[in-house]
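1. got a predicted model here, sequence first, then my questions.
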Amino acid sequence: MPAFLRASCATLLLLLVAACANLNQDLTAGTDSPACVGDVIQPPVGMVEVVDAELRQAAEGEPGKGKLCKAKIFLVQMPVAVYRIWDSAWPDRARGNWWTLNYPAGSRDSYRQAEAICPEWSGLDRLIVCTVKVGTRVAIGPAQSADCANGLSYKPSPENQVYIPNDSRNNQVFVENCSNGAPWPAP
């Protein structure tokens, strides 16, 4: 093999190794962020898993931004009860996006930590219980981490949340038969 060909092959090999090293560095650059914890729960009776990339994208968030860490999409085939803690200072948010499948218990601080809810996002002082309308698609998954004001932050949580694409300002609400909204936590 001529010397120039060997030199060309050696140079090409060095370039490939360097490119692979840079690619590996790029792929590991974001690994310092907290990983998801927990799994998407088995949904209650009345929900079946479907594919909806747009809804999944709306429900999942980047580390530090809240939302869901990972999600599965489910079609509601029979009414399912959901629970929401909201801020009475914002009555138009009573039927917002973020819900749970379990009755909220514990203190306000423990609920914030379990659900990764920053204080500036909600005062968490009212509880509403509704049923999800049949035919609605929802996202369910564990909570993503949240970076709040004043340096406060919450790690990803294994607690599953339900994202419902409600938009009450445009009369698109996918819950019904709602309670009036009781003080929370109960006195």
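-> Great, that's in hand. Numbering: from 1, shown residues only.

2. residues in contact with the spatially most central residue of the chain?
-> What sits nearest the mean C-alpha location of the chain, by CA atoms, centre = their mean, is Leu68, with 1.1 Å. Residues near Leu68 by CB atoms under 8 Å, 6 or more residues apart in numbering: 59-61, 139-144, 161, 163. Placement of C-beta: from N, CA and C, glycine included.

3. do Pro119 as well
-> So Pro119 contacts 112, 148-149, 152 (CB under 8 Å, 6+ apart).

4. tell me the one of these nearest Ala105?
-> Nearest to Ala105 out of the contacts of Pro119 is Arg112 (CB to CB; 13.3 Å).

5. what is the burial count for that closest one?
-> By other CB atoms under 10 Å, 21 other residues sit near Arg112.

6. beyond the helix or strand it falls within, next helix or strand please.
-> Element membership of Arg112 [criterion: DSSP states H and E] is helix 108-115. Moving toward the C-terminus from helix 108-115, the next helix or strand (DSSP H and E) is strand 126-132.

7. quick one: that next one to chain centroid distance?
-> Offset of strand 126-132 from its chain centre (CA atoms, centre = their mean, to the nearest Å): 19 Å.

8. look up the closest residue to the residue nearest to the centre of the chain, ignoring the ones flanking it.
-> For Leu68, ignoring the flanking residues on the chain, the nearest one in space by CB to CB, 6 or more residues apart in numbering is Gly141 at 4.0 Å.

9. please identify the helix or strand for that neighbour.
-> Gly141 belongs to strand 137-143, assigned by DSSP H and E.

10. and that strand, average pLDDT?
-> Throughout strand 137-143, pLDDT has a mean value of 98.

11. downstream neighbour of it in the secondary structure list?
-> Assigned by DSSP H and E, the successor of strand 137-143 is strand 146-147.

12. residues in a beta bridge with the nearest residue to Gly64 once chain neighbours are set aside, which ones?
-> Setting aside the residues directly before and after it, Gly64 is nearest to Asp147 in space (CB to CB, 6+ apart), at 3.9 Å. With DSSP bridges as the criterion, Asp147 is bridged to Ser153.

13. who's in contact with Asp147?
-> Residues near Asp147 by CB under 8 Å, 6+ apart: 64-65, 118, 153.

14. again, only using 10 Å
-> 63-66, 116, 118, 153-154 (CB atoms under 10 Å, 6 or more residues apart in numbering).

15. now the two most distant members of the residues you listed.
-> Pro63 and Cys118 (14.0 Å).
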